[in-house]
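Asker: have a look at this fold, sequence not included:
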């Protein structure tokens, strides 16, 4: 059980790939990892997207692994020439990258005799000292080295790898979140909301406006690790909206 | 006309907001900005997502504005207490942030007498020396200071602001992209692909696998600023696939 006074574990996500920066691919991994880690009480504090350039990947890994409890990378661990994440991680940690016998043993049964070629064997190149991350979808493994988890970019494979990673993570107190949807422009209630935030410093109140056919609306999200504090602030927001005569309701998220 | 030997302009995107890191909101702005800038020949070289914390926003802006031709931020410019991007930008540049007369004049007509309250006037707080970015959707402006463009987080508003930003940007040679879809696992063609990449260093060849009901497939994307070089490498990939007896076709993207 985590001690409630411990600082919660933190995480960063590093998305690797030219295709995300060019707009060709819409990333879906960050939000999935965030929701996965939320169940462990782990907050993602920063995310970065870098190109398929070894020095840039290695540089980002070294900055992030110093600052956060965990780093999760996605992308660049396939068999082709543009898959350079293992080499970048080796460079970041100053270790060699070689064919890993356990990874070779996982991959070999997928192929017919003679088809486990040199490029496919690239997927078994793992930095020295890393331990494998299994994946039930394609068998090609990811790996963990120290506090860095190296995952696939293909979402179905990435998600399978997270299942193997979960038991390795320290748990923090889970963040509780309550959302109120209100039929009002956020500017009208911003002063009241700021006052409630000021009086409830242990929670974070976010205001997310949207446009509906019936007019402007806003989702008011209260987040925190102390359930009573979250409920208290949420009730105060509801009371404020009631006094103002604004239609609102809780949203299940 | 850009000189073809000039280094193309570069850009970074900074997405600001707890809601993206918590997985509550799926970002759609990065891919949109990437496609918008592609038409100007501007490459996004890095993206970051940071929390609603003034020091983190300011720190990221200062790193990115030194390294890239342009920085585009999204989010945190509304009227509520969690909208702190203007203050963070002021801090990054070491300038004060005050009510901007031009921004006040844009915003005031939206409101009935007495409704343009202090929180709504927050949307007119602009760092000294910045120039406004108009938006035809909600009228609340973004702003530009030096090479940093501060945009809204709401996608419809962000997109309107980009239209105002476009004429301010230097143009580079546009990247040309050709995509081939092939019905094959990427491991089988990875060696041939690496060879073609090696022989065509002026283009970048990306290999993006996918799973279809009919078996594995891969999209092979060739990108570069020299049209002839892109066509040559693409033709070589097609020839390699033909020799291997692999069904493939060009994809319009």
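Answerer: Ah, there it is. A quick note: this is a predicted structure, and the numbers were derived from the prediction, not measured. Residues are numbered from 1 along each chain as shown, chains lettered A, B, ... in the order given.
Asker: measure residue A:60 to residue A:165 for me?
Answerer: 19 Å (CB to CB, to the nearest Å). Any C-beta I mention is one placed from the backbone N, CA and C, and that applies to glycine too.
Asker: higher neighbour count, those two?
Answerer: residue A:60 (23 against 19; other CB atoms under 10 Å in any protein chain shown).
Asker: can you pull the buried residues of the strand or helix carrying residue A:223?
Answerer: Taking DSSP states H and E as the criterion, residue A:223 maps to strand A:215-224. If you call a residue buried by 16 or more other CB atoms under 10 Å in any protein chain shown, then strand A:215-224 has these buried ones: A:216, A:217, A:218, A:219, A:220, A:221, A:222, A:223, A:224.
Asker: also stretch A:55-65?
Answerer: Buried-residue list, stretch A:55-65, by 16+ other CB under 10 Å: A:56, A:57, A:58, A:60, A:61, A:62, A:63, A:64, A:65.
Asker: hmm, who's touching the helix or strand hosting the second one?
Answerer: Following DSSP H and E, the helix or strand that holds residue A:57 is helix A:54-67. Residues from elsewhere that reach helix A:54-67 (CB atoms under 8 Å, 6 or more residues apart in numbering or on different chains): A:10, A:12, A:14, A:16, A:45-46, A:48, A:50, A:71, A:73, A:76, A:84-85, A:87-89, A:91-92, A:146-148, B:46.
Asker: hmm, try it at 7 Å
Answerer: If you take CB atoms under 7 Å, 6 or more residues apart in numbering or on different chains as the criterion, helix A:54-67 is touched by A:12, A:14, A:16, A:48, A:50, A:71, A:84-85, A:87-89, A:91-92, A:146-148.
Asker: contacts only, for residue A:191.
Answerer: So residue A:191 contacts B:117, B:118, B:119 (CB under 7 Å, 6+ apart).
Asker: out of these, which is most surrounded?
Answerer: Neighbour tally across those (other CB under 10 Å): the maximum, 21 neighbours, falls on residue B:119.
Asker: wait, does the helix or strand harbouring that residue contact chain A?
Answerer: In this assignment (DSSP H and E), residue B:119 forms part of helix B:118-121. Yes: using CB under 7 Å from any CB of the partner chain, we find that helix B:118-121 touches chain A at B:118, B:119, B:120.
Asker: hang on, the earlier thing: tell me the mean pLDDT for the following helix or strand past the helix holding residue A:57?
Answerer: Proceeding C-terminally, helix A:54-67 gives way to strand A:70-74 as the next helix or strand, assigned by DSSP H and E. Strand A:70-74 carries an average pLDDT of 98.
Asker: what does stretch A:154-169 give?
Answerer: Averaging pLDDT along stretch A:154-169 yields 97.
Asker: so what's the residue nearest to residue A:100 when sequence neighbours are not counted up against?
Answerer: Among residues not flanking residue A:100 along the chain, residue A:126 sits closest, at 3.9 Å (CB to CB, 6 or more residues apart in numbering or on different chains). Counting by CB under 7 Å, 6+ apart, residue A:126 makes contact with A:86, A:97, A:100, A:103, A:143.
Asker: and the residue of the stretch 151-253 of chain A closest to chain B?
Answerer: Closest residue of the stretch 151-253 of chain A to chain B, CB to the nearest CB: residue A:190 (3.4 Å).
Asker: if we can go back for a sec, buried members of the contacts of helix A:54-67 into PyMOL, please.
Answerer: Buried members of these, defined by 16+ other CB under 10 Å, are picked up in PyMOL with:
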select buried, chain A and resi 12+14+16+48+50+71+84+85+87+88+89+91+92+147+148
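Asker: can you narrow the buried residues of strand A:215-224 down to the ones near chain B?
Answerer: Checking the buried residues of strand A:215-224 against chain B (CB under 7 Å from any CB), the matches are residue A:221.
Asker: would you mind giving the buried residues of strand A:215-224 as JSON lines with pLDDT added?
Answerer: Output for the buried residues of strand A:215-224, formatted as JSON lines (pLDDT from 0 to 100):
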{"residue": "A:216", "pLDDT": "90"}
{"residue": "A:217", "pLDDT": "94"}
{"residue": "A:218", "pLDDT": "96"}
{"residue": "A:219", "pLDDT": "96"}
{"residue": "A:220", "pLDDT": "97"}
{"residue": "A:221", "pLDDT": "97"}
{"residue": "A:222", "pLDDT": "97"}
{"residue": "A:223", "pLDDT": "97"}
{"residue": "A:224", "pLDDT": "97"}
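Asker: columns distance to residue B:244 on top of the buried residues of strand A:215-224, output as a markdown table?
Answerer: Below are the buried residues of strand A:215-224 laid out as a markdown table (distance: CB to CB, whole Å):
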| residue | distance to residue B:244 |
| --- | --- |
| A:216 | 57 |
| A:217 | 55 |
| A:218 | 56 |
| A:219 | 52 |
| A:220 | 57 |
| A:221 | 52 |
| A:222 | 57 |
| A:223 | 53 |
| A:224 | 57 |
